[in-house]
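Peer 1: Turn this into a model:
(chains A and B)
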Number of protein chains: 2
Amino acid sequence: MPSAGSAWRGEQLTLLASQLHARQSAPEYADLIAAARQEWSENVSAPNQCERGRNLDLLEQDLGRQQALDPALVAALATAKAKGYNCWQQARRDSDFPAFAPALQSLIDLRQEQARQFNEPRSCWETLAQPFEPDLSLTRLNEVFAPLRQRLPELVARSTTAPRPRTAPWDLPDAVQQHLCNQLLSSWGRSEQITAVARSPHPFSITLGPRDYRITTRVVTGQPLSCFLATAHEWGHSLYEQGLPDQTHQWFAWPLGQATSMAVHESQSLFWENRVARSRAFAQTWWTSFRDAGAPLQRSEDLWTAMNPLAPGLNRVEADELSYGLHILIRTDLEIALLEQGLAVADLPSEWNRRYRDLLGVTPENDGEGCLQDVHWSEGLFGYFPSYLLGHLISAQLSEAMTAAIGAPEEHVAAGDVTPLLSWLREHVHPLGRALNAEQLVQQISGRPLDSTPFLTYLEAKLVALSDL
Amino acid sequence: MPSAGSAWRGEQLTLLASQLHARQSAPEYADLIAAARQEWSENVSAPNQCERGRNLDLLEQDLGRQQALDPALVAALATAKAKGYNCWQQARRDSDFPAFAPALQSLIDLRQEQARQFNEPRSCWETLAQPFEPDLSLTRLNEVFAPLRQRLPELVARSTTAPRPRTAPWDLPDAVQQHLCNQLLSSWGRSEQITAVARSPHPFSITLGPRDYRITTRVVTGQPLSCFLATAHEWGHSLYEQGLPDQTHQWFAWPLGQATSMAVHESQSLFWENRVARSRAFAQTWWTSFRDAGAPLQRSEDLWTAMNPLAPGLNRVEADELSYGLHILIRTDLEIALLEQGLAVADLPSEWNRRYRDLLGVTPENDGEGCLQDVHWSEGLFGYFPSYLLGHLISAQLSEAMTAAIGAPEEHVAAGDVTPLLSWLREHVHPLGRALNAEQLVQQISGRPLDSTPFLTYLEAKLVALSDL
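Peer 2: Sure, this is the predicted structure:
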């Protein structure tokens, strides 16, 4: 969109948000849900009674939330989001935080008001995090994250001092990268009839119909593995969607046909990206394909280390597996401070920089590579960041359960057949949809509550193995 | 879209078409228009009374058309279009016309029924052509096209025998082509604030808001000028949209703020592509930029001939200026025959091939490169093709008027400043919107009715000049 188009776009988005809210909170819609509940309660022995009840629970929950909101607030938020996003784009380009600060303050005010109107027995931040992580509490989040706060800085510090083989920078032509990505998806069972692959400035995965899945990637000059790993990542998202119980029209738009949380979604993309594609066994299987395609690799370890650069930096989306969690902890703490603890917007850059210095040992040169780097807050998206890190934790804990059940993912990768991995996910994770929330899902599959031990164990083992090369 | 997604997409498109039709034919909407007409008739001395009257005329015309349609037909057509498009994609790939024939038959039947329901004092084909060329009649079309039927085959035959310089095939890297396109748009006054440029499989121009214009292009391997000329073409479309009187919210969605016909739209894109970018003067100004960018050019004529390959072929979108009209005449005759003269769908391929042999001296090897090449009929789009050729005629006739007023476009191009060309279009063409239809616009600007002489004169002069090289 050209920059001058944003005002009109903002008006259109506001109109759509208002119309959507009007539909989702309409008395006619409420009557329909009430009638469905009545019918449900009169047919206790009907087939799928339990699933239908859960569907109704979730529909009623969302209806209640929509009914709680003042239409004027819905419109004001939509306008503020469009303005905030436009303002942020310019501010990031100019590295000018003060230019963005008023828009951010306005979004914080509106989101706080929104949380008040929801009027749930939760704190402001907790309330706003519900759409991404249903039922999540701050107490539980702090409990799960606590060991990470302690151990990650230490692991990151070790990674920077550990001796590591170095290869001269290399790259691969666009068409070659595309070919390798196609090869990857073929070997992972992509059906072209139901999954399209395209290019976009930022990779994403989207589902547009019961048999219409799409992923996008991009080729980044100088980063020959970026497109390949993004393909693995987005394919993991798409596999989750493809495995949801939404393959018929009847289920497609229903709660039980949807992903249960952003963290679970992320756990599925991270499984294929990190557990599979970044594994040593994968490099052993694939390094000759990369070598034959022109990559200057002498042995499988060259590909493995290239897949796993351990170098803490300022940028979240470019972060390695060790330091990624620290980026998330910083954002989580800061957005809670902004929403609940009175952190002044004007103090955000200095607080951001201080935490990066303390936890990662790096300091942004400007706010463009500092607190303006992410799009989320520019659209008032608070409560989303933890899902990324919870996704790492869930992926690790589910991988342990998978290992216990069918053997380690790496063994299957080494044997050249990932079908058993997908079959296991298709049986235990994907088909549940929103039947269970993220914590319940992890509990059911692994037999114990979510915690950070599997993730930290995995990280430490990988660090040791990479250091031992 | 993955192929399996088309059924769901078809349902969605059908739902949208039905809802749109319901709104556009709603009694409440009719009441609003009637009230506006009443208010208009009671305020004969109000400012802009004439423009407001024209706006109401056009709104009433469209309302009447929507009210004439049976909602069941609207839904059936939307479904048939989605099915037809999906079916055509596969049939074209397989070069299998019989696989597409039933879908085409169904679209013909539905469109004939639609024309009957419109119940206008026009033939079936004329009725269906109205949305693209308001007020067009078949009698007038035949009159305007008659000289082309006679002269174009002769010019095309001369072009194939005329001696022409030949250059070895060459190409330019993607980034270099992009740079040249940016240079072109800068020199033509593009504002990045209101116009975005992106890539897509097929180039197009679109307007999404009063200050949100976008064009797309593509780089075609082995065709180093394709992206450049597509940029010129789409920019011409965008300039027309940017010059329409739609820059305020009040006008944006109103008839007078819209393009008056597809032919006039095409005349604007063709003006910048053919009259400007494919001119000898343009090659003289630009050839060193191409040479410095790596094109193997020795002199300006090398660029000019590369911009103007005269080689009749089977493909419409790759056709040169001389043969393009013949592609359109063939399609126009055939769709009229299908809709009004009882041509059987099964006979379309043989009729198509016969006309290509007779008029262009080429014969398709299969229906994929023959009658399945265009998307239009797969979506029931009948009556659209003539607009492409009328666009050439209008561009030529307007160019003569422009030459009489401010001097030949080539002179301004040679002088290195195209601003006067744009200013003239901005004064005489763009701001009228739908105040005048295409014929009225040409009459008003050139002082005489549309005819094919200016276009044929231009073509002959170009052919002579290229042959004289």
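
Peer 1: I'd like to know how far A:Q440 sits from A:R434.
Peer 2: 10 Å (Cβ to Cβ, to the nearest Å). From N, CA and C alone the C-beta is placed, and that goes for glycine too.

Peer 1: Who has more neighbours out of these two?
Peer 2: Taking other Cβ atoms under 10 Å in any protein chain shown, A:Q440 and A:R434 do not tie; A:R434 has more neighbours (22 against 16).

Peer 1: so how far is A:Q268 from that one?
Peer 2: Where A:Q268 is concerned, A:R434 sits at a distance of 15 Å (Cβ to Cβ).

Peer 1: Kindly report the same for A:L450.
Peer 2: Distance from A:L450 to A:Q268, by Cβ to Cβ: 15 Å.

Peer 1: So which of the two has more stuff around it?
Peer 2: A:Q268 (27 against 24).

Peer 1: Just give me the neighbour total for the closest residue to A:E273 other than its chain neighbours.
Peer 2: For A:E273, ignoring the flanking residues on the chain, the nearest one in space by Cβ to Cβ, 6 or more residues apart in numbering or on different chains is A:H233 at 4.1 Å. Residues near A:H233, counting by other Cβ under 10 Å, number 24.

Peer 1: Would you mind confirming that A:H233 makes contact with A:H202?
Peer 2: No. Counting by Cβ atoms under 8 Å, A:H233 does not reach A:H202; the two are 11.8 Å apart.

Peer 1: any chance you could map the helices in the stretch 1-150 of chain A?
Peer 2: A:6-24, A:27-41, A:49-68, A:71-94, A:97-118, A:124-129, A:138-161 (DSSP state H, counting those that start in this stretch).

Peer 1: Name the stretch among those that sits most buried.
Peer 2: helix A:124-129 (a mean of 24; mean count of other Cβ atoms under 10 Å in any protein chain shown).

Peer 1: For the stretch 1-150 of chain A, which residues are neighbours of chain B?
Peer 2: A:1-5, A:7-9, A:11-12 (Cβ under 8 Å from any Cβ of the partner chain).

Peer 1: give me that answer again for 7 Å
Peer 2: Neighbours of chain B within the stretch 1-150 of chain A, by Cβ under 7 Å from any Cβ of the partner chain: A:1-5, A:8-9.

Peer 1: neighbour-wise, which of these leads?
Peer 2: A:G5 (22 neighbours).

Peer 1: ok, for that residue, nearest residue in space, not its chain neighbours?
Peer 2: For A:G5, the spatially nearest residue (Cβ to Cβ, 6+ apart) is B:D212, at 2.9 Å.

Peer 1: Just the pLDDT for the residue nearest to A:S269 when sequence neighbours are not counted.
Peer 2: Sequence neighbours aside, A:G236 is the residue nearest to A:S269 in space, at 3.7 Å (criterion: Cβ to Cβ, 6+ apart). As predicted, A:G236 sits at a pLDDT of 98.

Peer 1: A:E266 contacts A:L389, doesn't it?
Peer 2: No. The criterion here is Cβ atoms under 7 Å, and A:E266 misses it with A:L389 at 8.6 Å.

Peer 1: What distance do you get for the closest residue to chain B within the stretch 101-250 of chain A to A:I206?
Peer 2: Nearest residue of the stretch 101-250 of chain A to chain B (Cβ to the nearest Cβ) works out as A:D212 at 2.8 Å. Distance of A:D212 to A:I206, given as Cβ to Cβ: 9 Å.

Peer 1: How about A:A401?
Peer 2: Counting by Cβ to Cβ, the gap from A:A401 to A:I206 is 29 Å.

Peer 1: between those two, who's got more neighbours?
Peer 2: More crowded of A:A401 and A:I206, by other Cβ under 10 Å: A:A401, with 19 against 14.

Peer 1: starting at the chain centroid, how far to the strand or helix carrying that one?
Peer 2: In the assignment (DSSP states H and E), A:A401 maps to helix A:385-406. Relative to the chain's own centre, helix A:385-406 is displaced by 13 Å; criterion: Cα atoms, centre = their mean, to the nearest Å.

Peer 1: got the contact list for that helix?
Peer 2: A:132-133, A:141, A:144, A:261-264, A:266-267, A:270-271, A:275, A:324-325, A:328, A:331-332, A:335, A:376, A:409, A:420, A:424, A:429, A:438, A:442, A:445-446, A:450, A:452, A:454-455, A:458 (Cβ atoms under 7 Å, 6 or more residues apart in numbering or on different chains).

Peer 1: With only the CA atoms kept, save it in CSV.
Peer 2: Extracted as CSV, the C-alpha positions of helix A:385-406 are listed here (Å, rounded to 0.1, in the frame of the first residue of the first chain):
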residue,chain,number,x,y,z
PHE,A,385,4.7,-12.6,22.1
PRO,A,386,4.8,-15.3,24.8
SER,A,387,3.1,-17.7,22.3
TYR,A,388,6.3,-17.8,20.3
LEU,A,389,8.3,-19.0,23.2
LEU,A,390,5.6,-21.3,24.6
GLY,A,391,5.7,-22.9,21.1
HIS,A,392,9.3,-23.8,21.6
LEU,A,393,8.5,-25.4,25.0
ILE,A,394,5.5,-27.3,23.7
SER,A,395,7.4,-28.6,20.7
ALA,A,396,10.1,-29.9,23.1
GLN,A,397,7.7,-31.5,25.5
LEU,A,398,5.7,-33.1,22.7
SER,A,399,8.9,-34.3,21.0
GLU,A,400,9.8,-36.1,24.2
ALA,A,401,6.4,-37.8,24.3
MET,A,402,6.8,-38.7,20.6
THR,A,403,10.3,-40.1,21.3
ALA,A,404,8.9,-42.3,24.0
ALA,A,405,6.1,-43.5,21.7
ILE,A,406,7.8,-44.1,18.4
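
Peer 1: next SSE after that helix?
Peer 2: helix A:409-414.

Peer 1: Return the list of helices and strands in contact with the helix or strand following that next one.
Peer 2: Counting by DSSP H and E, the element after helix A:409-414 in chain order, helix or strand, is helix A:419-428. Packing contacts for helix A:419-428, counted by 3 or more Cβ pairs under 7 Å, 6 or more residues apart in numbering or on different chains; DSSP states H and E, involve helix A:226-243, helix A:385-406, helix A:409-414.

Peer 1: contact partners of helix A:419-428?
Peer 2: Contacts of helix A:419-428 with the rest of the structure, by Cβ under 7 Å, 6+ apart, involve A:189, A:239, A:243, A:402, A:405-406, A:409, A:412, A:445.

Peer 1: Quick check: closest non-adjacent residue to A:E126.
Peer 2: Among residues not flanking A:E126 along the chain, A:L138 sits closest, at 5.5 Å (Cβ to Cβ, 6+ apart).

Peer 1: ok, that neighbour - contacts?
Peer 2: So A:L138 contacts A:123, A:125-126 (Cβ under 7 Å, 6+ apart).

Peer 1: So which of these is the closest to A:D367?
Peer 2: Taking Cβ to Cβ as the measure, A:W125 is the one of the contacts of A:L138 closest to A:D367, at 22.9 Å.

Peer 1: count of neighbours near the closest residue to chain B within the stretch 301-450 of chain A?
Peer 2: Residue nearest to chain B within the stretch 301-450 of chain A: A:V375 (18.0 Å; Cβ to the nearest Cβ). Look at A:V375: counted by other Cβ under 10 Å, it has 14 neighbours.

Peer 1: Great, nothing more from me.
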